[in-house]
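[1] my questions are about this predicted structure, shown below with the sequence.
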Amino acid sequence: MRTGLEVLARERPRFLRGRRVGLLMHPASADARFISARDIVRDLCGKNLRALFGPQHGFAGEKQDNMVESGHGSDPELGIPIFSLYSETRSPTPAMLAQIDVLLVDLQDVGTRVYTFEWTTALALEACAAAGREVVVLDRPNPLGGVALEGNLVRPGYTSFVGLYPVPMRHALTLGELAALVNARLAGRGPGDRRTPVRERDGAGWRCPGRCDLTIIPMEGWRRRMLFPDTGLPWMPPSPNMPAFDTAVVYPGQVLLEGTNLSEGRGTTRPFEIFGAPWIDIRAVRRRFERRRLPGLVLRPHTFEPTFHKWAGQACHGFQIHVTDVAAYRPYLTTLALLQDIIAEHGDRFEWKKPPYEYVTDHAPIDVLTGDPALRRALEAGEDLRALERSWRKEIAAFEEESRAVRLYA
């Protein structure tokens, strides 16, 4: 299969000729031979490559934690600016966009609503629409595939940089498809609105009508049932704590631990797969959890000592999640169950983290992550999580129906 970047390099589309180009990328923006998108676009555009843009964690992917901003810089070889979109601004400014005519976006996403590269792309669409600039998304696989959806949608009043639009935690869209959905919503199209087509073929790409002049360069050979290993592409970490495909599999649930005093495994070699705290009773928590008989995983007891972040230098008792059946595994439900069981056993030690979280100061971080404070209350009250999951079916079905209009792949 070929990514959108590789299709762009082969097709050398005419719409780039004579136009000033910006490129939004990160360290995983490369082809199957590990050639950087920067070098590929430079070869295509020459001196018309005028600016580079980087998302959260820095253009080089060097920033470990959330809310650690990156400064602007310049490319020493090309002599062009590198603008940080995780700095004093998370959206391209008019001054940044004045230097370009078209913004190429080549970001490897992980198929989870709270992964901020999706919303950096959404903010770029909004800014480019206001500035009259074109956006071209070079599409890449959703590592979790394009079939399974899971989780609630973000509730009104709880949108944030980890959920600017109401989508499920696992949304089953590629970054290009999600960009097309956002662009349609920017134009005022809601679920079930079929006034105009959401996409139409244009040479090597799909033009996606909406508020922004958006084109998607699709992949070749990707199918919705493919997980990342099925693509044959090399995994390159899109962010410092996403070192492997296994990380991406558990991330839609385990990212919730960022809103707690539990270590989510930062400072270990297997972040998000490993989790715990110094005070966890491994046997008691495991006994509770195994009564649930949730599918697709083995919870292996594991003691670890983070080198940085929460509980740095202290022995944490906890677990490593080993996913034995990716298709059956439900990461969001699994982590909600784990949190409920830990609260039941250690309500005197467990804590929700205090604000801020991703620049939100008036909501608890866990509410920002889930997008719905009712989940926190349900965990504390020991409510039936399967019943809660069933209550999301209608909104999941409505989102799936809306998203069919922007799906580019069989």
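    Perfect, I can see it now. Nothing here was measured: the structure is a model prediction, and the numbers come from that model. Numbers count the residues shown, from 1 in each chain.

[2] pull out the buried residues from the helix or strand containing R377.
    Assigning secondary structure by DSSP states H and E places R377 in helix 373-381. Buried positions in helix 373-381, judged by neighbour count with 16 or more other Cβ atoms under 10 Å: 373, 375-376, 378-379. Placement of C-beta: from N, CA and C, glycine included.

[3] which members of these are the farthest-apart pair?
    P373 and L379 (10.8 Å; Cβ to Cβ).

[4] tell me the pLDDT at E400?
    Note on E400: pLDDT of 96.

[5] what stretches of the stretch 101-250 of the chain score poorly on pLDDT?
    Applying pLDDT under 70 to the stretch 101-250 of the chain flags residues 189-199, 201-202.

[6] which stretches of it form helices?
    Secondary structure of the stretch 101-250 of the chain by DSSP state H, counting those that start in this stretch: the helices cover 117-131, 175-186, 228-231, 245-254.

[7] which residues sit against stretch 57-65?
    Under the criterion Cβ atoms under 8 Å, 6 or more residues apart in numbering, residues 25-28, 52-54, 56, 68-70, 73, 82, 84, 86, 237-241, 266, 308-309 lie in contact with stretch 57-65.

[8] follow-up on the earlier one: ranking the helices of the stretch 101-250 of the chain by burial, who's on top?
    helix 175-186 (a mean of 25; mean count of other Cβ atoms under 10 Å).

[9] and it, how far out from the chain's middle?
    Its chain's C-alpha centre and that of helix 175-186 lie 14 Å apart, by Cα atoms, centre = their mean, to the nearest Å.

[10] could you list which residues are in contact with V323?
    Contacts of V323 (Cβ under 8 Å, 6+ apart): 246, 249-250, 296-297, 329.

[11] of these, closest to H322?
    Distances from H322 to the contacts of V323, taken by Cβ to Cβ, are shortest for L297, at 6.4 Å.

[12] distance of the closest one from E264?
    Distance from L297 to E264, counting by Cβ to Cβ, to the nearest Å: 16 Å.

[13] the two: who's more crowded?
    Taking neighbours as other Cβ atoms under 10 Å, L297 and E264 compare with E264 leading, 27 against 21.

[14] I'd guessed the more buried one sits against L257; true?
    Yes: between E264 and L257 there is a contact at 3.9 Å, judged by Cβ atoms under 8 Å.

[15] what sits in contact with each of the two?
    The contact lists of E264 and L257 share 272, 275, where a contact means Cβ under 8 Å, 6+ apart.

[16] show me the strands in the stretch 201-350 of the chain, by range?
    205-208, 213-217, 274-277, 297-304, 316-323 (DSSP state E, counting those that start in this stretch).

[17] in contact with G232, which residues?
    Counting by Cβ under 8 Å, 6+ apart, G232 makes contact with 1, 32.

[18] from L338, how far out is it?
    Counting by Cβ to Cβ, the gap from G232 to L338 is 33 Å.

[19] also T93?
    Taken as Cβ to Cβ, the span from T93 to L338 is 41 Å.

[20] can you say which of the contacts of stretch 57-65 are buried?
    The neighbour-count test (16+ other Cβ under 10 Å) marks 25-28, 52-54, 56, 70, 82, 84, 86, 237-241, 266, 309 as buried among the contacts of stretch 57-65.

[21] need the contact list for the nearest residue to A30 once chain neighbours are set aside.
    Spatial nearest neighbour of A30, chain neighbours left out: S36 (5.1 Å); criterion: Cβ to Cβ, 6 or more residues apart in numbering. For S36, the contact set (Cβ under 8 Å, 6+ apart) comprises 25, 29-30.

[22] any chance of the residues you listed in a markdown table, plus distance to V105 and secondary structure?
    Output for the contacts of S36, formatted as a markdown table (distance: Cβ to Cβ, whole Å; DSSP: H, G, I helix; E, B strand; the rest coil):
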| residue | distance to V105 | secondary structure |
| --- | --- | --- |
| M25 | 8 | strand |
| S29 | 9 | coil |
| A30 | 15 | strand |
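
[23] as JSON lines, the residues you listed with distance to T121 and pLDDT would be great.
    Below are the contacts of S36 laid out as JSON lines (distance: Cβ to Cβ, whole Å; pLDDT from 0 to 100):
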{"residue": "M25", "distance to T121": "12", "pLDDT": "98"}
{"residue": "S29", "distance to T121": "13", "pLDDT": "98"}
{"residue": "A30", "distance to T121": "18", "pLDDT": "98"}
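
[24] returning to that earlier point: retrieve the pLDDT associated with the residue nearest to A30.
    98.

[25] how close does it get to M236?
    Taking Cβ to Cβ, one finds S36 at 10 Å from M236.

[26] what do these two both touch?
    Common neighbours of S36 and M236 (Cβ under 8 Å, 6+ apart) are A30.

[27] surely E395 meets V154?
    No: using Cβ under 8 Å, E395 is not in contact with V154, being 10.4 Å away.

[28] neighbour count: the two, which is higher?
    Neighbours per residue (other Cβ under 10 Å) separate E395 from V154, with V154 holding more: 23 against 15.

[29] give the contact list for the nearest residue to the more buried one once chain neighbours are set aside.
    Using Cβ to Cβ, 6+ apart and skipping the chain neighbours, the partner closest in space to V154 is G371 (3.4 Å). For G371, the contact set (Cβ under 8 Å, 6+ apart) comprises 113, 152-155, 158-159, 163, 166.

[30] out of those, grab the one that's most surrounded.
    Neighbour-wise, the contacts of G371 (other Cβ under 10 Å) top out at R113, 27 neighbours.

[31] report the contact partners of it.
    R113 sits next to 151, 154, 162-163, 167-171, 252, 371 when contact means Cβ under 8 Å, 6+ apart.

[32] let's have those residues in CSV, adding distance to C128.
    Converted to CSV, the contacts of R113 look like this (distance: Cβ to Cβ, whole Å):
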residue, distance to C128
G151, 29
V154, 23
V162, 22
G163, 21
V167, 21
P168, 26
M169, 27
R170, 27
H171, 22
P252, 29
G371, 26
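
[33] which of those residues lies closest to T3?
    Nearest to T3 among the contacts of R113, counting by Cβ to Cβ, is H171 at 19.5 Å.

[34] residue contacts, the closest one?
    Contacts for H171 (Cβ under 8 Å, 6+ apart) come out as 111, 113, 149, 178, 399, 403.

[35] if I look at it, how far off is L181?
    9 Å.

[36] next, show the common contact partners of the two.
    Contact criterion Cβ under 8 Å, 6+ apart; residues shared by H171 and L181: S403.
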